[in-house]
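Undergrad: Any chance you can model this:
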Amino acid sequence: MDAKNFFDWCKRHKILLTVAAFLFIVVFGFVNIQILHMTSEPEFCAMCHPSRGFGPLAEVDSWEHSAHGEAGVSCLDCHGRPGVAGYVKAKIGGLKDTYMQFTISKEEKLEILSNPPKDLVPTWHCLFCHSDEGNKKVRETTKGPMKLVNMRMLDDVVNPAFRLNKGLPDILTETTVGGTHFDHKMHIDNFELNCRDCHFGVVHKPSSKTDKMNFCLTCHAENKGSAAPQMNDCHVCHAVQVAMNEGTGAKDVAGSAGIMYAAGIKCTDCHTGVTKGVFRPSGKTCSDCHSGDSGYVEIFQDWEKEVKEKLDILARQRVEVESALKAADAMKRDSKANWELYQKALQNMKFVESDGTFGVHNNDYANAIIKSVTADFTKITKNLEQKW
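TA: This is a model prediction of the structure:
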């Protein structure tokens, strides 16, 4: 068929040609979107980052075992800027990374991964999810649409709803974060610190609690003449731990002081190595105080094991409850009261986690809180199962 006959045929079959062109565009678009989606998943990233543990080449595995991974925050949620333009830019950058995977040596790759650029995940990007003000500012200044199709969590993040539903504090307005009193806004504004300064490797190579404590104390010691809390000001930064000891702090859960706190035991009576940079007590600390009786160590270990197991069960239940709530929202059900109950339960659950001792500070109160959270999650599930 020559060109003239082909064009004549097209003129005689305009409707057929239009339908065929439309179907081609739909199928072509669908296939490309699926390819984009597939190559944005952590499983695809793991092809070039296959190692286990922490550090270079283990980025996917370390992410999977991080708080971000557990919350469903994926690779491109942090390594791609919000909005369609940010997503496309990240995918183009991924083509460069793929090219380098086949053209540079392993030593060069390890060097790059060990020394990431400072703007890899800039402060404003963290604030997009972790503050209301940051989220609003980024949404207002992002050029182009935020979303065309569902490709990642990031583009759906609208605070305060997202933050509250995840049980996250607003780090620019709240000063108790992760079990520690810390004024992020003051440190950002007055000392020009950014997220990376304190949270470098927060997902892929997190610092130990001892490293974090030493980092804070070193900086505070350098500013001893200021209002910065010093070594002996435990209660200032560790208000959550004090509240747990007192049997207060959880919402709608009554409690009483823990055994040790009620007996007048002070922080440094158990945390005896703080002046030497050892902040967590050991089994020897207990036996030394209790005349060599190692039975107390076993009791504390049993408490920890029990509370950890219960929190693991709650963590899995939380994912199911949140998914059910999102499904209810998608069906336009009135889920406001259930979301509020969920936020309260999540806040209480995080209170136990943030204390960091898994019941050692106040075992009875920790278990009472867990019981309350379990009841709240169960009630939400029953509410959503009812006909409407």
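
Undergrad: Tell me how far the closest residue to residue 167 other than its chain neighbours lies from residue 321.
TA: Nearest non-adjacent residue to residue 167, counting by Cβ to Cβ, 6 or more residues apart in numbering: residue 346, 3.5 Å away. Yep, even glycine has a C-beta here, placed from its N, CA and C like the rest. Separation of residue 346 from residue 321 (Cβ to Cβ, to the nearest Å): 9 Å.

Undergrad: Same question for residue 199.
TA: 28 Å.

Undergrad: Neighbour count: those two, which is higher?
TA: Taking neighbours as other Cβ atoms under 10 Å, residue 199 and residue 321 compare with residue 321 leading, 23 against 15.

Undergrad: That one is in what secondary structure piece?
TA: Using DSSP states H and E, residue 321 maps to helix 295-330.

Undergrad: State the number of residues packed around the residue nearest to residue 167.
TA: Around residue 346 there are 22 residues (other Cβ under 10 Å).

Undergrad: Repeat that for residue 170.
TA: 20.

Undergrad: Surely it is within a strand?
TA: No. The assignment for residue 170 by DSSP: H, G, I helix; E, B strand; the rest coil gives coil, which leaves it out of any strand.

Undergrad: Pretty sure it sits against residue 132.
TA: Yes. If you go by Cβ atoms under 8 Å, residue 170 and residue 132 touch, sitting 5.4 Å apart.

Undergrad: so what sits against both of these two?
TA: Common contacts of residue 170 and residue 132, defined by Cβ atoms under 8 Å, 6 or more residues apart in numbering, comprise 159, 160, 163.

Undergrad: ok, and the closest non-adjacent residue to residue 303?
TA: Using Cβ to Cβ, 6+ apart, the closest residue to residue 303 is residue 359 (4.3 Å).

Undergrad: Can you tell me how far that neighbour is from residue 260?
TA: Counting by Cβ to Cβ, the gap from residue 359 to residue 260 is 12 Å.

Undergrad: low-scoring stretches of the stretch 251-388 of the chain, by residue?
TA: 292-294, 387-388 (pLDDT under 70).

Undergrad: for the stretch 1-150 of the chain, what spans make up the helices?
TA: For the stretch 1-150 of the chain, helices defined by DSSP state H, counting those that start in this stretch occupy the ranges 3-12, 14-38, 42-45, 59-64, 67-70, 75-78, 83-103, 106-114, 123-130, 132-141.

Undergrad: closest one to residue 315 among the ones you listed?
TA: Within the helices of the stretch 1-150 of the chain, the stretch nearest residue 315 is helix 67-70; the backing value is 7.2 Å (Cβ to Cβ).

Undergrad: can you pull the pLDDT of the residue most central in space within the chain?
TA: Note on the chain: the residue nearest the mean C-alpha position is residue 68, at 3.5 Å, using Cα atoms, centre = their mean. At residue 68, the predicted lDDT confidence score is 90.
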